[in-house]
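**Q** Whatever this is, show me its structure:
(chains A, B and C)
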Amino acid sequence: MRAERLTLTLIAISLPLSVLLSLSIGPYRSVDFPVVVAALVGLPVSRLSLDVLTYRAVRTLAAGVLGAGLAVSGSTLQFTLRNPLADPYLAGVASGSLLGVTLALLWGRASFWDLYAAAIAGGLLTLSAVITISGLAGGGAVTLLVVGVAFSYVLSGLTMFFMIMLGPRLPGALYWMFGSVAFMTLPLVERTLVILVPAAAALAALSRPLNSLLLGDEVARAIGVRVRLVRLSSFALASLITAALVSMAGPVGFIGLVAPWLAKRSFGVRFSTVLWASAAMGAEIAVLSDVIARLVLFPSEAPLTAVTSVFGAPLLVYILIKSRGE
Amino acid sequence: MPCIAAKELTFKVKGKVIVKDLSAELCGGLNVVLGPNGAGKTTLLRLFAGVLRPTQGSVLIDGAPPDKVRARISYVPAQLSLDPMTRVVDLAEAINYGKDGSWRKRLREYLSTLGIEWAAERRFSTLSSGEQRLATIAAALSRGGDVIIADEPTEFLDVSNRAKVFALFRGLVNKGALVIIATHDVRRAGQADRVLVLSRGVVTFAGQPGEGLVEALSKAYGVDAKTLLEA
Amino acid sequence: MSSVQRGLSAALVVLLVVAILLSAYNTVQLAQLERQVRSVSSSVGSLNSTIQGVSSRVSSLNSTIQGSIANVNRLSEVASALGSELSELNATLSGRIASLESQLTQLESEVRFPVTIVDALNRTVVIPSMPMRIVTLDPAATEITLAVGAGGQLVAVDNDSVLYLPPPFNDTVHEMVANGSLKVISSTYSSPDIEQIMALSPDLVIGTAGWGYNNYIASTLASYGIPVLLLPSSESLEDVYRAVIMVGEATGHVNNAVKLVESMSAQITAVERSLENVSYVNVTVILWINPTYVAGGGTFINDMMTLAGGVNVFQNLSGWPVISSEDLLQANPSVIILVSNGGLFNASSLYQWLNSTIGPAYVNIAAIKYGRVYVIGGWYESVMSEPAVLTPMAVKLLAIILHPQAFNLTSVPQLITPSTLSPSLLTNQG
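**A** Reported below is the predicted structural model:
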């Protein structure tokens, strides 16, 4: 109980702090912490400062949504596939989105919304294919895992093949490979939330049966859980969330893997708790990672996924070691 | 007193027959299923618990198939591979799907009876294999059913813990539950109200422990069972 | 009224005031002269009455009168000299007024804001008034903006523009950066920075669609109300013309833009005239070696090759395909043009790659057999690869390489840089 309360307090304090930090950091140094406070309090600030602050605020919001969504997706997949190393990209959705974008670029489509649509289409098609094929082969946890990973590799391979043909249009595709919140706009975040919120709500509704999947398929079936239905629908919802997030900001790794672990460590293996706890932690990790991404190569930006990987991997190892030791 | 009745129960997997034309009726009491590896004990228990559907024949609990009386069945599986961060309460909560919150009290009672009341909030990975088994039993029992089906409940347990577990089961039987246990612990046969010996999917002995049991066991295991029972 | 118009009106007023003052001054001078003349006339009159009183003083009076008449003559000379100065001033003033008037009419014809343009990605861009704080995102955009005469309205260019523009544009940019009138933002190809651009408070941002992160920069900045114009990512000469006109409209220099397009197309026509009777030559342009990228069909370079009297042996492949040595051997171009990539490649890099993959058979490729392998270096590279205002130069360069005789040259050096092949050759008509 003490660990839980401590964790809750930590989150409650650090999340707003991270947000403030994120608003205060950026290449336009005139907008710094005092300016942020002034703006929040309602004192008049210059038009330009307001614009820059808005830009940073949208970016921070997007990072938070990204982190929370990835955590929700990762938690769901870890529960539904009974695999503590599951991450949001298992269903091959990110590879599908990237392939969609690459093909769209080759076809001459270049505006951001066109590519966004292509990313979503690619992700959804991949998801449907994975679920259909897995369903035909039994729909078990291992099947989903294997089919998803297979699609991941096949689609990545195809994408590389097509990317070579892009020539100087390549950087446009790179954005969808590295992940970034530098080009976020409010309409984009809103569109993503339209998919995210209902999906997360549906997952929350599935909490109890999803939670019981941890007993193993047989025992779960014995106590009345409709295992196949719960597994396929939660897999689909989680991957849908991933597809929406990848289309918004590109693939960002590790958050979906680490945040559920952190949540489980403090709150135990209970889906309804892990769902929101990992979301809060994921949001925080993402916001802080974006801050770091803007600081390490100041005033340039490092790719977001580079930061999350470099810091995420040791963090995961640390968690693993610590939990073994106890 | 709940009764479980198997009628011409057959289970096949990919053409291989695991349980063959099995008929038996168990009403209340502490029932022990014995038999060598591969005899079909686990499958039989799964069929009783409604985890598996029979290929032919039927299983009825007081006239109803198991999936209609889920709330009454507490199934303790032989193995569980869990996420390392799972706590005992988490397992119990998961098992109590579809039930109200009264399981928390029951969990603490059973944990206490088994001597591990401190383990409630602990992670499974921090418990020894014996403690894990005890915790699993307590969690499964917290479901509060009157039909208890346990597969190898005493695995990993030392002698005193085994005795505790059996005492617990005996207590439940005294309160009117039906307990069916599959085990390799042949010596416990003496404490059972009824023994079933399974050999290659067929019941070779069904009845109270006594002389016939020793013969059946010897045949099933291929060794002189008397020495096993006396050890 | 924008600050520009206010400034111009003020300048006009000042000029008019100066003109008025000058005329006033001259009027005053005239009035003074008039007064002087009048006083002299009255002196003459009084002398006359004195003469009538004394006849003996006639001769002395005569000489005095002569003297006075001489004075009057001198004075009238001075008067006429002043008069001619006045008419000169008049002429100058009228000249100035006339030129101001013509500038006014020119401005009137150019200033047609607000302007609505549909850009290369079908985005509707609205520019409310003449932009004075323009930021360009890539070298092509910078080049076009400078070429239509909007250089004075630029506040920042991207880093690649500082590094990769051909003359005379690079000199202009360097000068402006040096005297502080132009800021440099980080490259939008490798390290795009939204905040940096926002901090400049631009009223127009111009970039080439699809270049680096431009498309994403555009969508982000647009949501803050900053007009971003994305130019067609040139795949043909028509795209360049479109881009020039777009920039002209957007920056208030439509006439210049039109003139530029006309001049560019005239240069191309001149090249085509010179190539009237030549037969087409099989050619390939190699952009990188191992993996070996060539310009395929549907690319800008392909267009230029056709205009220069060449046939792209790889036009059936689209985009920038990777080819193998066998492909090159089979395609058998008569001319090979290699882009040196800043001195990274030369002819022997090509031969080495060919030799290591298909062995000595490579000498059978027509271009190699007849010694028609050319390497393009120096700023000619950017002119070749960045389709923009200097494209007619690139077309002429290609034409000269492919058909030197049509331009009265006997041969062309193997390494073609601004020092081995004079740029003046490329700008002369015909």
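
**Q** drop to CA atoms for contacts and neighbour counts, all remaining ones
**A** Fine.

**Q** which secondary structure elements does the longest strand belonging to chain C contact?
**A** Identified as the longest strand of chain C according to DSSP state E is strand C:281-288. Here strand C:281-288 touches strand C:292-294, strand C:310-312, strand C:335-339, going by 3 or more C-alpha pairs under 8 Å, 6 or more residues apart in numbering or on different chains; DSSP states H and E.

**Q** Can I take it that A:Gly253 is in a helix?
**A** No: counting by DSSP: H, G, I helix; E, B strand; the rest coil, A:Gly253 is not found in a helix; it is coil.

**Q** Give the full set of residues in contact with it.
**A** For A:Gly253, the contact set (C-alpha atoms under 8 Å, 6 or more residues apart in numbering or on different chains) comprises A:Thr305, A:Thr308, A:Ser309.

**Q** Ok, A:Leu210 next?
**A** Neighbours of A:Leu210 in contact, by C-alpha under 8 Å, 6+ apart: A:Phe79, A:Thr80, A:Val230, A:Arg231, A:Ser234, A:Phe271.

**Q** how many other residues sit next to residue 310?
**A** The chain I'm using is chain A. Neighbour count for A:Val310, taken as other C-alpha atoms under 10 Å in any protein chain shown: 11.

**Q** I was thinking of chain C, sorry if that wasn't clear
**A** Using other C-alpha under 10 Å, C:Gly310 has 24 other residues around it.

**Q** Roughly how far does it sit from chain B?
**A** As defined by C-alpha to the nearest C-alpha, to the nearest Å, C:Gly310 lies at a distance of 68 Å from chain B.

**Q** re the thing from before, for A:Arg2, find the nearest of the helices and strands packed on strand C:281-288.
**A** Taking C-alpha to C-alpha, strand C:292-294 is the member of the helices and strands packed on strand C:281-288 nearest to A:Arg2, at 63.1 Å.

**Q** Give me the contact status of the closest one with chain A.
**A** No: judged by C-alpha under 8 Å from any C-alpha of the partner chain, strand C:292-294 stays clear of chain A, getting no closer than 8.8 Å.

**Q** Against which helices or strands is that strand packed?
**A** Using 3+ C-alpha pairs under 8 Å, 6+ apart: strand C:292-294 touches strand C:281-288, strand C:322-323.

**Q** Out of those, point me to the one whose mean pLDDT is lowest.
**A** Ranked by mean pLDDT, these bottom out at strand C:322-323, with a mean of 86.

**Q** Mind listing the strands that one pairs with, and their directions?
**A** For strand C:322-323, the paired strands and their directions (DSSP bridges) are strand C:292-294 (antiparallel).

**Q** Counting by contacts, list what the following helix or strand past the partner strand packs against.
**A** Downstream of strand C:292-294, the next assigned helix or strand under DSSP states H and E is helix C:300-307. Applying 3+ C-alpha pairs under 8 Å, 6+ apart, one finds that helix C:300-307 contacts strand C:310-312, helix C:391-402.

**Q** Report the buried members of the contacts of A:Gly253.
**A** By neighbour count, with 16 or more other C-alpha atoms under 10 Å in any protein chain shown, the contacts of A:Gly253 hold A:Thr305, A:Thr308, A:Ser309 as buried.

**Q** How many residues are close by A:Val287?
**A** 27.

**Q** how close does it get to chain C?
**A** 18 Å.

**Q** buried set for the lowest-mean-pLDDT helix or strand in chain A?
**A** Least confident helix or strand, chain A: helix A:170-178 with a mean of 76, by mean pLDDT, DSSP states H and E. Neighbour counts over helix A:170-178 (16+ other C-alpha under 10 Å) mark A:Leu170, A:Pro171, A:Gly172, A:Ala173, A:Leu174, A:Tyr175, A:Trp176, A:Met177, A:Phe178 as buried.

**Q** Now that we have these, can you turn them into a markdown table and tack on distance to C:Leu329?
**A** Converted to a markdown table, the buried residues of helix A:170-178 look like this (distance: C-alpha to C-alpha, whole Å):
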| residue | distance to C:Leu329 |
| --- | --- |
| A:Leu170 | 28 |
| A:Pro171 | 32 |
| A:Gly172 | 33 |
| A:Ala173 | 33 |
| A:Leu174 | 34 |
| A:Tyr175 | 37 |
| A:Trp176 | 37 |
| A:Met177 | 36 |
| A:Phe178 | 39 |
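
**Q** which one of those residues is nearest A:Leu193?
**A** A:Trp176 (18.8 Å).

**Q** before we move on, the earlier item: want to throw the helices and strands packed on strand C:281-288 into CSV with mean pLDDT?
**A** Below are the helices and strands packed on strand C:281-288 laid out as CSV (pLDDT from 0 to 100):
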stretch, mean pLDDT
strand C:292-294, 88
strand C:310-312, 92
strand C:335-339, 91
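
**Q** where exactly do the strands run in chain C?
**A** Under DSSP E, chain C gives strands at C:115-118, C:124-127, C:134-136, C:154-158, C:183-185, C:204-208, C:228-231, C:281-288, C:292-294, C:310-312, C:322-323, C:335-339, C:373-376, C:415-416.

**Q** A:Thr80 touches A:Ala141, doesn't it?
**A** Yes: if you go by C-alpha atoms under 8 Å, A:Thr80 and A:Ala141 touch, sitting 7.3 Å apart.

**Q** deepest of the helices and strands packed on strand C:292-294, which one?
**A** strand C:281-288 (a mean of 22; mean count of other C-alpha atoms under 10 Å in any protein chain shown).

**Q** Please list the outside residues in contact with it.
**A** Residues outside strand C:281-288 that contact it (C-alpha under 8 Å, 6+ apart) are C:292-295, C:301, C:305, C:309-314, C:332-341, C:345, C:402.

**Q** Regarding the residue nearest in space to the middle of chain A, which helix or strand does it belong to?
**A** Nearest residue to the geometric centre of chain A (C-alpha atoms, centre = their mean): A:Leu70, 2.5 Å. Take DSSP H and E as the rule and A:Leu70 turns out to sit in helix A:47-80.

**Q** in that helix, what counts as buried?
**A** A:49-80.

**Q** Where does the prediction get shaky in the stretch 1-150 of chain A?
**A** A:1 (pLDDT under 70).

**Q** In it, what residue lies closest to chain B?
**A** Closest to chain B within the stretch 1-150 of chain A is A:Pro84: 6.2 Å, counting by C-alpha to the nearest C-alpha.

**Q** How many residues are close by that residue?
**A** 18.

**Q** What separation is there between A:Val31 and A:Ser46?
**A** 10 Å (C-alpha to C-alpha, to the nearest Å).

**Q** Would you mind telling me which of those two has more residues around it?
**A** A:Val31 (20 against 10).

**Q** The more buried one contacts A:Val52, correct?
**A** Yes: applying C-alpha under 8 Å, one finds A:Val31 in contact with A:Val52, separated by 7.5 Å.

**Q** list the buried ones in the longest helix seen in chain B?
**A** Secondary structure of chain B read by DSSP state H shows that its longest helix is helix B:159-174. For helix B:159-174, the neighbour count (16+ other C-alpha under 10 Å) marks B:Asn161, B:Arg162, B:Lys164, B:Val165, B:Phe166, B:Phe169, B:Arg170, B:Leu172, B:Val173 as buried.

**Q** ditto for stretch B:82-101
**A** B:82-98.

**Q** What about chain A: which of those touch it?
**A** When C-alpha under 8 Å from any C-alpha is applied, the members of those adjacent to chain A are B:82-83, B:85-87, B:90-91, B:93-98.

**Q** Just the ones of these in helices?
**A** Those of those lying in helices (DSSP H): B:Asp90, B:Leu91, B:Glu93, B:Ala94, B:Ile95.
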